[in-house]
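>>> Next input, structure requested:
(one chain, ligands or ions: 1)
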Amino acid sequence: MIAVASLSPADALATVLTVLERWADEPGPLLPILHDVQEAVGYIPAHVVPNIADALNLSRAEVHGVISYYHHFRTEPAARVIQICRAESCQAMGSEALLAHARQHLGCALHGTSKDGAFTLEPIYCLGLCASSPALMLDDEPHARMTPERFDALVAQTRRVT
Ligand code: FES
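Residues are numbered from 1 along each chain as shown. Down below sits the predicted model:
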C-alpha cells in the first residue's frame with residue numbers, strides 16, 4: 001500500500017478537473033477516470049464525486065455505486081504502512097519486543113490499523129539491513145537500528161508532516 005501525501009480539497013479538485021479534461025472525448029471513461037483520480041490523489045474524495053458525475057452526465061448515485069462496487073477504490077486516504085522485520089537477525093536484536101511496543105503504541109494488532117486510521121502495522125521478512133537490526137519500513141523507506149524510542153519519534157514525526 002502506497003501512501004500519498006494528502007492534497008488539500010482545492011488541490012484534489014484541481015487534479016480531478018485535469019483528469020476529467022484528459023478523458024473528455026473518450027467513450028465510457030468512468031473507470032479509467034476513477035483509477036486516474038485514485039492514483040493522483042491517493043483516494044477518491046467524496047467532494048469530487050459531483051464533478052465526475054456532471055462531467056459524465058451520470059447521477060452521483062451511479063458514480064458512488066461504481067466506487068463502492070470495486071474494492072480497489074478508496075474513499076479515504078490510505079494509512080501509512082509500517083512493516084517491522086521479523087526475520088532472524090532482527091529477531092535476535094529485539095524486533096519482537098519492538099513489534100510489541102509498536103502494537104501498544106499504535107493501539108492495533110499486527111495487520112491492523114491504528115484507531116485514527118493513520119498507520120497499518122505489517123510484518124516483513126528481511127530488508128537486507130541485517131547488520132543494522134532491528135529494521136522496519138515506513139511506506140517504502142527503510143529505517144535501521146530501531147528502538148522503541150526511535151519508533152515513537154518516527155511515528156510522531158510522520159504524524160506532523162502528513
Ligand atoms: S533480518 Fe531484518 S533486515 Fe535482515
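>>> what about stretch 125-141, how long is it end to end?
Stretch 125-141 has an end-to-end distance of 15 Å (Cα to Cα, to the nearest Å).
>>> Identify the residues contacting that stretch?
Residues outside stretch 125-141 that contact it (Cβ atoms under 8 Å, 6 or more residues apart in numbering): 2-3, 80-90, 92-95, 98, 124, 142-146, 151, 154, 158. From N, CA and C alone the C-beta is placed, and that goes for glycine too.
>>> from those residues, which ones fall inside strands?
R80, V81, I82, Q83, I84, C85, I124, P142, H143 (DSSP state E).
>>> and which of the residues you listed is nearest L31?
V81 (25.6 Å; Cβ to Cβ).
>>> The closest one pairs with what?
Assessed by DSSP bridges, V81 has beta-bridge partners T120.
>>> wouldn't it be in contact with A118 here?
No - using Cβ atoms under 8 Å, V81 makes no contact with A118, being 10.7 Å away.
>>> Mind listing what's buried along stretch 8-22?
A12, L13, T15, V16, V19, L20 (16 or more other Cβ atoms under 10 Å).
>>> now swap in stretch 72-88 and tell me
F73, P77, A78, A79, R80, V81, I82, Q83, I84, C85, R86, A87.
>>> so how many other residues sit close to the closest residue to the last one other than its chain neighbours?
In this structure, A87 finds its nearest non-sequential neighbour in C126, 4.0 Å apart by Cβ to Cβ, 6 or more residues apart in numbering. Counted with other Cβ atoms under 10 Å, the burial measure for C126 works out to 14 neighbours.
>>> do H111 as well
When neighbours are counted by other Cβ under 10 Å, H111 registers 9.
>>> got the contact list for P123?
Q83, I84, C85, R86, L99, L110.
>>> picking that back up, which of the buried residues of stretch 8-22 fall within strands?
Short answer: the buried residues of stretch 8-22 have none in strands (DSSP E).
>>> Give me the neighbour count for the closest residue to R150 other than its chain neighbours.
Excluding its sequence neighbours, the residue lying closest to R150 (Cβ to Cβ, 6+ apart) is H143, at 7.5 Å. Other residues near H143 come to 18 when the count uses other Cβ under 10 Å.
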